[in-house]
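K.L.:
here is the input, now give the coordinates:
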Amino acid sequence: MLLRHIDAYGASTPERVVVVGAGGFVGSAIVGELAAAQIPTLALTRQSVNLTGPDAARTLAALLVRGDAVVFVSAVAPARTAAHLMTNLTMAHAAATALAAVPPSHLVYISSDAVYADDATPVTEASPVAPSTMHGMMHAARELLFRTEVPAPFVALRPTLIYGAADPHAGYGPNRFRRQAARGEPITIFGEGEERRDHVAVEDVARLAVRSVRHRSVGVLNAVTGVSTSFHDIAHIVAAQFTPHAVVQSVPRPGPRPHLLHRFFDITTCYEVFPDFHFERLATGLARVHREVSATTAAMPARANAT
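P.N.:
Model (predicted):
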């Protein structure tokens with residue numbers, strides 16, 4: 001279902017938004033955006049609710065109030081194995097059971113563009129859901145579970161590759177490149193780094209999630225910028241942020257070419273439903289992340305000396 005707004009004539013503020021998975025990279029950004037919008041929020045982390053535990057559904061249901069808006073972003077990610085897949089489905093089933101018992105006014109699920117077929121070009125919200133990886137299959141299955149089991153308006157946000165200063169992962173791309181350069185190592189790219197992918201700032205994903213909450217959006221929306229950049233170019237953008245510039249080095253691929261060489265998006269739907277929304281340009285976002293990480297790193301010795 002393509003995206004539409006239930007509150008079509010203007011945004012409204014729910015009485016409370018419950019963020020399940022608030023301690024993670026994306027979840028914490030959403031909590032921050034809700035706080036900036038002065039929207040009452042209950043931030044649930046794995047310490048609040050262990051979604052893989054035997055009493056997960058009952059524990060979560062006890063924390064909910066009928067009519068809460070819920071953002072679900074809790075996951076074991078990336079899901080690379082069958083065990084990861086089953087763990088994520090267990091977590092989603094517990095959440096869906098709780099939400100069926102205490103129905104929310106709205107449910108936002110943070111999914112992934114991995115649900116689409118590799119050869120979908122350009123990708124739109126109407127592209128077939130045909131995942132080729134465990135990670136994509138996990139998100140596709142969880143979307144279906146929430147859509148069919150929870151009696152509430154439902155929207156799935158499908159971000160592409162997300163970057164940000166607090167990114168804990170070291171996956172191939174901006175975060176790994178920055179960490180390599182910060183250690184004084186060459187930035188390594190596979191082959192010529194010719195793969196072209198879309199990258200979106202975590203802050204933009206959070207802003208779209210909060211907008212979806214306020215409009216009670218229903219359907220699917222890709223959280224993507226519409227601009228795909230090669231890893232070669234990303235590596236050189238990151239390299240130029242360091243003094244002296246980091247070295248970018250080509251290395252042999254550890255295996256065959258990736259299953260997904262390039263991915264391009266048509267973001268017409270986002271412009272139609274949120275016409276005043278503007279994504280941060282990749283070069284601008286990477287420069288901001290570099291400043292934020294540099295400032296945090298510089299402050300660490302000062303804090304250590306103070307103690």
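
K.L.:
how many other residues sit next to residue 243?
P.N.:
Using other C-beta atoms under 10 Å, the number of residues around residue 243 comes to 6. Every residue, glycine included, has its C-beta placed from N, CA and C.

K.L.:
ok, residue 61 to residue 94 distance?
P.N.:
Per C-beta to C-beta, to the nearest Å, residue 61 is found 10 Å from residue 94.

K.L.:
if you could redo that for residue 24, that was the one I meant.
P.N.:
Applying C-beta to C-beta, one obtains 17 Å for the distance of residue 24 from residue 94.

K.L.:
mind checking which of these two has more residues around it?
P.N.:
With other C-beta under 10 Å as the criterion, residue 24 and residue 94 differ in neighbour count, and residue 94 comes out ahead with 24 against 20.

K.L.:
so what's the residue count around the closest residue to that one other than its chain neighbours?
P.N.:
Counting by C-beta to C-beta, 6 or more residues apart in numbering, residue 56 is the residue found nearest to residue 94 once chain neighbours are left out, at 3.7 Å. Applying other C-beta under 10 Å, we find 19 residues neighbouring residue 56.

K.L.:
can you tell me the SS state at the residue lying closest to residue 207 once chain neighbours are set aside?
P.N.:
Across the structure, with C-beta to C-beta, 6+ apart as the measure, the residue nearest residue 207 apart from its sequence neighbours is residue 33 (5.9 Å). For residue 33, the secondary-structure state derived from DSSP: H, G, I helix; E, B strand; the rest coil is helix.

K.L.:
count the neighbours of residue 33 for me.
P.N.:
Here the count is done by other C-beta under 10 Å, and residue 33 has 22 residues near it.

K.L.:
contacts only, for it.
P.N.:
Listed by C-beta atoms under 8 Å, 6 or more residues apart in numbering, the contact set of residue 33 reads 203, 206, 207, 209, 210.

K.L.:
swap the cut-off to 6 Å and go again
P.N.:
Shown here is residue 33, whose contacts under the criterion C-beta atoms under 6 Å, 6 or more residues apart in numbering are 206, 207, 210.

K.L.:
quick revisit: identify the contacts common to residue 61 and residue 94.
P.N.:
Contacts common to residue 61 and residue 94, judged by C-beta under 6 Å, 6+ apart, are absent.

K.L.:
that older thread, got the contacts of residue 33 as JSON lines, with secondary structure and pLDDT columns?
P.N.:
JSON lines is the format used below for the contacts of residue 33 (DSSP: H, G, I helix; E, B strand; the rest coil; pLDDT from 0 to 100):
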{"residue": "206", "secondary structure": "helix", "pLDDT": "98"}
{"residue": "207", "secondary structure": "helix", "pLDDT": "98"}
{"residue": "210", "secondary structure": "helix", "pLDDT": "97"}
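
K.L.:
most neighbours, which of these?
P.N.:
For the contacts of residue 33, neighbours were counted by other C-beta under 10 Å; the highest total belongs to residue 206, with 25 neighbours.

K.L.:
contacting residues around it?
P.N.:
Taking C-beta under 6 Å, 6+ apart as the criterion, residue 206 is in contact with 29, 30, 33.

K.L.:
got it, and residue 220?
P.N.:
For residue 220, the contacting residues are 125, 156, by C-beta under 6 Å, 6+ apart.

K.L.:
now the helix or strand harbouring it: mean pLDDT?
P.N.:
Taking DSSP states H and E as the criterion, residue 220 maps to strand 217-223. Averaging pLDDT along strand 217-223 yields 96.

K.L.:
restricting to C-alpha, output that strand in PDB.
P.N.:
Written as PDB, here are the backbone C-alpha positions of strand 217-223 (Å, rounded to 0.1, in the frame of the first residue of the first chain):
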ATOM      1  CA  SER A 217       0.700   7.700   8.000                       C
ATOM      2  CA  VAL A 218      -0.400   4.300   6.600                       C
ATOM      3  CA  GLY A 219       1.400   2.200   4.000                       C
ATOM      4  CA  VAL A 220       5.000   2.200   2.900                       C
ATOM      5  CA  LEU A 221       7.600   4.900   2.600                       C
ATOM      6  CA  ASN A 222      11.200   4.500   1.500                       C
ATOM      7  CA  ALA A 223      13.600   6.600   3.700                       C
END
